[in-house]
Structures are given as structure tokens and as C-alpha cells.
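> Following is a predicted model, sequence given first.
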Amino acid sequence: MSVRVRFAPSPTGPLHIGGVRTALYNYLFAKKHQGAFLLRIEDTDQNRFVPGAEEYITESLKWSGIYHDEGPGAGGPYGPYRQSERKDLYREYALQLISNGHAYYAFDTPEELEAMRKRLEANKSGNPQYDSQTRMQMNNSLTLSPGEVNRRIDAGEAFVIRIKIPEGQEVLVNDLIRGQVRVDSRLLDDKVLFKGDGMPTYHLANVVDDYLMKITHVIRGEEWLPSAPLHVLLYKFLGWEESMPEFAHLPLLLKPDGHGKLSKRDGERLGFPVFPLEWKDPSSGEVSPGYRESGYFPEAFVNMLALLGWNPGTEQEIFGMHELIEAFSLERVGKSGARFDPEKAKWFNHQYLQQKDPERIAMLFGEQIKKHGHQASIEKLAKIISLVRDRVDFVHELWDQAAFFFEAPDRYDEKFAKKKWKANTPGILLQLNDKLQFTEPFEPSQIDNTLHAFMEENEIVAGQVMPALRLALVGAGRGPEVKEIMSVLGKEEVIRRIQGAVERLGC
Ligand code: GLU
């Protein structure tokens with residue numbers, strides 16, 4: 001049977017990076033097994049619907065390079081893939097459960113439910129929940145006569161349909177990551193499966209759709225593990241045990257200090273994004289930063305996420321999507337939470353920045369320098385990028401490292417000047433200028449020859465000329481190799497900068 005997996009987000013807000021990781025693992029698993037990856041939008045809870053959230057999810061996946069084979073927009077044989085558009089098909093299954101004695105109507109009002117909770121809390125009688133212990137004291141089709149139940153339904157009274165959890169059973173969940181998880185059914189409550197508004201709840205819709213969409217593996221966040229026994233029971237009660245998918249519950253993403261779940265607030269507090277793309281909350285207008293807008297390459301973002309919970313079993317850290325697909329397996333997903341490390345995220349971006357073809361970054365860099373009133377050919381930009389990129393993590397940091405290629409220094413680092421600019425420096429540099437005049441071609445190796453010949457002839461050492469030369473060109477004691485800087489600046493500009501420094505720094 002071919003592998004079919006799904007990512008099933010609810011459009012209740014922006015997708016947390018943990019959600020992207022879930023989508024990614026599903027995608028990797030599907031591709032590894034030549035299977036299908038579905039996107040299913042679980043929007044049955046209309047109270048939690050947030051405008052723009054679905055578009056945000058779709059765009060985040062696209063940016064991350066996680067493409068679905070079936071889903072809203074993409075189509076597929078098991079659509080529609082938005083639960084609100086499948087609304088009518090769930091009722092039948094809820095009714096089937098009722099007729100088989102696995103579910104029942106419940107008419108309890110919010111006040112009655114609250115009263116039950118209070119009563120149970122006061123009695124300290126275990127879990128205050130709607131379950132096998134309490135259901136017989138409530139208003140439902142188990143306690144009311146069939147006539148009364150029909151009367152209430154016909155009269156349009158509000159009701160829900162609840163699952164009837166069997167008593168004293170051990171429910172077994174086989175989890176590919178956690179092994180066998182056994183749960184005593186007494187701990188489970190009679191969850192609502194179908195609501196008065198004609199919509200199924202997450203539990204019913206999720207199981208029905210996984211079945212109808214022929215899902216073979218349910219790979220999702222650990223927060224859904226407590227729901228898994230209920231889902232296992234639903235498969236049983238609906239007669240679908242044979243086609244029950246395998247489960248794999250992924251470990252949580254933890255805060256950088258390792259204590260507790262990574263939250264939006266951690267990002268705000270420590271200054272890193274927890275969302276793939278920037279998100280503007282439609283009701284509060286609050287803007288949360290995204291990886292994309294913060295300057296991350298999608299490849300770096302995905303690579304970083306892939307290793308949060310999964311390890312390849314080798315020292316390799318840099319993986320392109322194809323390599324991830326090749327290497328991924330659920331056996332290598334850990335049980336314990338994965339600590340998020342914002343510095344490591346930057347490290348990944350740094351690595352990708354070093355690997356990329358400089359010509360590809362040149363366009364982005366070109367836009368930056370334009371903002372500063374300059375322009376340059378792609379070739380020149382690419383050259384500059386290759387010289388300075390090892391000093392930065394992001395493309396937007398390039399300008400700081402490269403501004404001197406476009407603008408002659410308007411001041412000189414005083415501390416550095418004090419140490420390296422001596423009384424005889426102007427004389428040395430002006431003499432050097434005379435030599436540079438005749439350096440042809442003005443390229444690193446030829447410049448290097450000139451510099452060496454000059455030092456030899458004048459019996460001076462590198463320390464007497466190179467730092468001062470750098471200062472004249474850059475305005476500070478930093479930057480890539482001097483001969484490289486000189487070759488990019490060009491002969492005339494180098495000579496001009498040397499003269500400028502001599503005039504301004506003097507003796
Ligand atoms: N709609 C659920 C969510 O928002 C899906 C959980 C699952 O994958 O079963 O995460």
C-alpha cells in the first residue's frame with residue numbers, strides 16, 4: 001500500500017515553526033516512500049476562524065519548499081480538502097455511532113455542565129468530566145426516554161453528540177516514535193463528536209477524513225497524543241480498524257533554555273521569530289516577525305527545522321531537501337523535546353550564505369546598495385560578496401561589511417591610526433602610489449607583486465605599510481585582504497584614497 005500522509009492545520013492563526021516542522025516531516029516521509037503528501041484544512045471550529053490564516057499556511061509551506069500533492073488548490077481524488085466544504089458527510093458517521101451504541105445525544109446546557117463540574121470538584125471525586133461515571137446523571141439519550149429525545153430534537157433543542165467511552169478497557173496506541181502507549185479508558189471523557197451547529201468536532205472530522213482520504217500514517221505534534229486513544233476507539237467503533245493509520249507523535253519544540261514549550265513570547269523576549277513569515281494579527285494589528293522577513297534563506301530554515309527532533313545518525317548538518325528526503329526516517333526522530341537554539345538558526349543561514357552562488361545573492365545586494373545611492377554590475381557585486389560574506393549571517397548584513405567598496409572613508413579609526421599611522425607613513429604610501437600607477441593589470445596577483453617588490457626595494461616590512469594602507473582604503477583595520485580590496489576599488493580610486501588619507505591624517 002502506498003504511503004499517504006497529511007498535514008492538517010487549523011486556520012486559527014499563523015503557523016508556528018513547530019507546525020512547519022510537522023509539515024516537513026510528513027513531506028519528507030511521503031517523498032522518501034514515493035507516497036503522497038496532503039494538505040487538509042481543519043476549519044470546523046468556526047469560532048476560532050481567523051481571516052488570512054489559511055493563506056498564511058499555504059504561503060509558508062510554499063516558501064519552505066514543502067509542496068502538497070493533494071489539497072485545496074491542488075485538487076486530488078479525495079477532495080474537497082477543506083473540512084468546512086465536507087460538512088455534510090460527517091453527520092452520517094455520528095449517526096452510525098449512535099445506532100451502534102457508541103455515541104449518544106446530550107442536551108445539557110452550559111449551566112448544567114458547570115454545575116456538574118462544581119459538584120464533582122466539591123466531592124473531590126476524581127476527574128470532573130463527562131464520562132462513564134457521570135453520564136447517567138446528565139440529560140442525554142442514555143437517561144431520557146426515546147420519546148423525550150425525539151421530542152427535544154424535533155423541538156429544535158440544542159444538542160451535541162458524544163462518544164460513549166467503554167468502561168474498564170485498556171486502549172492501545174501503537175506509536176512509531178514512542179512504542180506502545182496503553183491508556184485506561186476510565187481516564188477518557190465522552191468527548192463531543194458533533195455539535196449543535198451541524199459541524200463535527202476535530203476528533204470526528206479528523207478520523208473520518210483520515211479514513212476517507214486513505215491516510216496510512218498520522219504524523220503530528222505530541223500535543224495530540226492524549227487524543228490518540230479516542231481516535232483509536234473511533235476507528236474501532238466505525239468498523240475501520242483494518243485501515244487504521246500508524247501513529248507517530250513528534251517531540252515538542254522547547255524553549256532555548258530547554259524548559260517548556262517554545263512560545264511566541266520566547267521569540268519576543270529573546271529576539272527571534274517563531275513564525276515562518278511575518279504575521280499581522282487581523283484583530284489587534286500586532287505584527288510578529290517571520291524567518292522570511294528576517295532574512296533567512298528557506299533552505300536554511302528548513303535544514304534547521306529538520307534537525308530539531310530528527311538526527312541523521314552522522315555528523316552531517318547541512319542537508320538540502322533531496323538529501324533530507326534520502327536520509328529521513330521516523331526511527332531517528334527522538335522521543336524527548338528538541339531545544340530550539342536561535343544561534344544555531346543563524347549558523348545555518350551563515351552556512352547557506354557561504355555556499356550560494358554569489359551571483360544569486362548579487363541581485364539582493366544590489367537592491368541594498370541602491371538604497372545607499374550606489375549601483376554596480378552583477379559581477380562586481382558578486383566579487384564583493386565573495387570577499388565579505390564569511391563575516392555575516394544574512395544578506396542584509398553585507399552592506400555594513402562592504403560599504404567601503406562604494407564610499408571612501410570619511411573618517412579613520414582613531415585607535416587603529418594611533419597604532420599604525422607613523423610619522424614616515426605618508427612618505428611610504430606616496431612612494432607606493434607611484435608604483436601602483438604602473439601596476440598593470442590591476443589585479444590581486446599583480447598588486448601583490450608590486451607590494452612585495454616595493455617593500456624589498458625600500459627595505460621595509462609588511463607591518464610598516466599594510467595596516468596603514470588598509471586604513472587609507474577602508475577607514476579601519478578590518479576587511480578582506482588588501483590586494484583584493486584594491487583590485488575591486490580599481491587603480492584610480494586606490495590612489496585617490498591613499499592621497500586622501502595622507503592629506504587628512506598627515507604626519
Ligand atoms: N487540526 C489539528 C491541528 O491543528 C490536526 C492535528 C492532527 O494532525 O491530527 O494541529
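Received it, and whenever you're ready, just let me know what you need. Predicted model only: the values in this text are computed from it and were never measured.
> tell me the mean pLDDT over stretch 191-207?
Model confidence over stretch 191-207 averages 95 on the pLDDT scale.
> Which parts of it count as buried, going by neighbours?
For stretch 191-207, the buried set under the neighbour-count rule, 16 or more other C-beta atoms under 10 Å, comprises 191-195, 199-207. Any C-beta I mention is one placed from the backbone N, CA and C, and that applies to glycine too.
> Next, see if it gets close to the ligand.
Yes: applying C-beta under 6 Å from any ligand atom, one finds stretch 191-207 in contact with the ligand at Y202, N206.
> Look at whichever residue of the stretch 201-350 of the chain sits closest to the ligand and tell me its secondary structure.
The stretch 201-350 of the chain approaches the ligand most closely through R220 (3.5 Å), counting by C-beta to the nearest ligand atom. When states are read from DSSP: H, G, I helix; E, B strand; the rest coil, the local structure at R220 comes out as strand.
> in the sheet, who's paired with it?
Counting by DSSP bridges, R220 is bridged to H249.
> That one against H249, yeah?
Yes: shown here, R220 and H249 form a contact pair, counting by C-beta atoms under 8 Å, at 6.5 Å.
> And the helix or strand containing N303, what does it pack against?
When secondary structure is defined using DSSP states H and E, the element that contains N303 is helix 298-306. Using 3 or more C-beta pairs under 8 Å, 6 or more residues apart in numbering; DSSP states H and E as the contact definition, the elements that helix 298-306 packs against are helix 17-32, helix 53-64, helix 321-327, helix 342-355.
> between those helices, which one is nearest to E293?
Closest of the helices and strands packed on helix 298-306 to E293 is helix 53-64, at 10.6 Å (criterion: C-beta to C-beta).
> Just name whatever secondary elements that closest one is in contact with.
In terms of contacts (3+ C-beta pairs under 8 Å, 6+ apart), helix 53-64 is packed against helix 17-32, strand 36-39, helix 298-306.
> at 6 Å what do you get?
Using 3 or more C-beta pairs under 6 Å, 6 or more residues apart in numbering; DSSP states H and E as the contact test, the elements touching helix 53-64 are helix 298-306.
> how about the strands in the stretch 1-150 of the chain?
Defined through DSSP state E, counting those that start in this stretch, the strands belonging to the stretch 1-150 of the chain, from first to last, are 4-7, 36-39, 103-106.
> a markdown table for these, including mean pLDDT, distance to S329 and mean neighbour count?
Compiled in a markdown table, the strands of the stretch 1-150 of the chain are given as follows (pLDDT from 0 to 100; distance: least, C-beta to C-beta, whole Å; neighbours: other C-beta atoms under 10 Å):
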| stretch | mean pLDDT | distance to S329 | mean neighbour count |
| --- | --- | --- | --- |
| strand 4-7 | 98 | 14 | 26 |
| strand 36-39 | 98 | 16 | 24 |
| strand 103-106 | 98 | 38 | 23 |
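> With distance to the ligand added, can I get these in CSV?
What follows is those, written out as CSV (distance: least, C-beta to the nearest ligand atom, whole Å):
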stretch, distance to the ligand
strand 4-7, 7
strand 36-39, 11
strand 103-106, 20
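> Dump those strands to JSON lines, plus distance to S185.
What follows is those, written out as JSON lines (distance: least, C-beta to C-beta, whole Å):
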{"stretch": "strand 4-7", "distance to S185": "27"}
{"stretch": "strand 36-39", "distance to S185": "31"}
{"stretch": "strand 103-106", "distance to S185": "15"}
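> Mind checking those strands for the one nearest to Y235?
Go through these one by one with C-beta to C-beta and the one that ends up closest to Y235 is strand 103-106, at 14.0 Å.
> What is that closest one packed up against?
Applying 3+ C-beta pairs under 6 Å, 6+ apart, one finds that strand 103-106 makes contact with strand 160-163.
> what pairs with the strand it packs on, and is each one parallel or antiparallel?
When pairing is defined by DSSP bridges, strand 160-163 lines up against strand 103-106 (antiparallel), strand 192-194 (antiparallel).
> Only C-alpha atoms, please: export the longest one in CSV.
This means strand 103-106. As requested, the backbone C-alpha atoms of strand 103-106 are provided in CSV (Å, rounded to 0.1, in the frame of the first residue of the first chain):
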residue,chain,number,x,y,z
ALA,A,103,-22.4,7.6,20.9
TYR,A,104,-25.4,9.4,22.3
TYR,A,105,-27.2,12.7,22.2
ALA,A,106,-26.7,15.1,25.0
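> which one of the strands paired with strand 160-163 lies closest to G490?
Distances from G490 to each of the strands paired with strand 160-163 were compared using C-beta to C-beta; the shortest belongs to strand 192-194, at 74.1 Å.
> could you point out which element follows that closest one?
helix 202-212.
> which bits of this protein sit near the ligand?
A8, P9, S10, E42, Y202, N206, R220, W224.
> what about burial for these, which qualify?
With burial judged by 16+ other C-beta under 10 Å, the buried subset of the residues of the chain next to the ligand is A8, P9, S10, E42, Y202, N206, R220, W224.
> which residue sits closest to the first one in space, ignoring its chain neighbours?
The shortest distance from A8 to any residue other than its chain neighbours is 4.5 Å, reached at R40 (C-beta to C-beta, 6 or more residues apart in numbering).
> who touches the one you found in this structure?
Residues counted as contacts of R40 (C-beta atoms under 6 Å, 6 or more residues apart in numbering) are R6, A8, Y81.
> export the residues you listed to a markdown table and tack on distance to V302?
Compiled in a markdown table, the contacts of R40 are given as follows (distance: C-beta to C-beta, whole Å):
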| residue | distance to V302 |
| --- | --- |
| R6 | 19 |
| A8 | 20 |
| Y81 | 23 |
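> Could you single out the nearest of those to G168?
The closest of these to G168 turns out to be A8 (C-beta to C-beta; 31.8 Å).
> Pretty sure the closest one sits against E42.
Yes: taking contact to mean C-beta atoms under 6 Å, the distance of 5.1 Å between A8 and E42 places them in contact.
> Which parts of the stretch 151-300 of the chain are strands?
Taking DSSP E, counting those that start in this stretch, the strands of the stretch 151-300 of the chain run over residues 160-163, 170-175, 179-184, 192-194, 217-221, 246-250, 253-254, 279-280, 287-288.
> Mind putting the ones you listed into CSV with distance to L270?
Listed next are the strands of the stretch 151-300 of the chain as CSV, based on distance: least, C-beta to C-beta, whole Å:
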stretch, distance to L270
strand 160-163, 42
strand 170-175, 32
strand 179-184, 33
strand 192-194, 38
strand 217-221, 22
strand 246-250, 23
strand 253-254, 13
strand 279-280, 18
strand 287-288, 14
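> closest one to E414 among these?
Distances from E414 to each of the strands of the stretch 151-300 of the chain were compared using C-beta to C-beta; the shortest belongs to strand 287-288, at 40.0 Å.
> ok, and what's touching that closest one?
For strand 287-288, the external contacting residues (C-beta under 6 Å, 6+ apart) are F275, W279, K280.
> For the second one, which residues are in contact?
This points to W279. For W279, the set of contacting residues under the criterion of C-beta under 6 Å, 6+ apart consists of P14, S288.
> Fine by me, thanks again.
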